[in-house]
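>>> With the sequence up front, the predicted model follows.
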Amino acid sequence: MEIKKTLPNAIAVLVLGICSIVFSCLGIGLILGIIGLVLSSNGRKLYKESPNSYEGFGMLNAGFIMSIIGTALGSIYVLYILFYIVIIGGALATIFAAAH
């Protein structure tokens, strides 16, 4: 019986994927999601080369998917904040220009 090794960074990618979704409303989710995607690429490559030698692909794949979701939610939040700053900045510029 062959002893299978756990894919490298499988647990870390899973944790980063969960944290990227949870913290997506703080803007940190975008960063955590990108880190999770980068870390998962090595493990996915190793698993595709020899799937019988490793275990933990389910954790790695779930973390990969959650990292994608967290990255999307984080980027939507960052775009929302930027849009909000532009609207408020434009309104304040109009108010200050009218006052002078």
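Looks like it arrived, so ask away. It should be emphasised that the depicted structure is a prediction, and the values quoted were computed from it without experimental measurement.

>>> Give the other helices and strands that the helix or strand of the chain with the lowest mean pLDDT contacts.
Using mean pLDDT, DSSP states H and E, strand 5-6 stands out as the lowest-scoring helix or strand of the chain, at a mean of 86. Strand 5-6 is packed against strand 54-55, with contacts defined by 3 or more C-beta pairs under 8 Å, 6 or more residues apart in numbering; DSSP states H and E. For every residue, glycine as well, the C-beta is placed using N, CA and C.

>>> Beyond the strand it packs on, next helix or strand please.
Per DSSP states H and E, the first helix or strand lying C-terminal to strand 54-55 is helix 57-99.

>>> Rounded mean pLDDT for that following helix, please.
Helix 57-99 carries an average pLDDT of 91.

>>> residue contacts, the residue minimising distance to the centre of the chain?
Nearest residue to the geometric centre of the chain (C-alpha atoms, centre = their mean): G33, 1.3 Å. Going by C-beta atoms under 8 Å, 6 or more residues apart in numbering, G33 touches 16-17, 20, 24, 67-72, 74.

>>> G36 too?
Here G36 is in contact with 12-13, 16-17, 20, 63-64, 66-67, 70 (criterion: C-beta under 8 Å, 6+ apart).

>>> 6 Å instead, please
13, 16-17, 63, 67 (C-beta atoms under 6 Å, 6 or more residues apart in numbering).

>>> In terms of helix, strand or coil, where does E2 fall?
Of the three states, E2 takes coil under DSSP: H, G, I helix; E, B strand; the rest coil.

>>> Tell me the spacing between it and K48.
18 Å (C-beta to C-beta, to the nearest Å).
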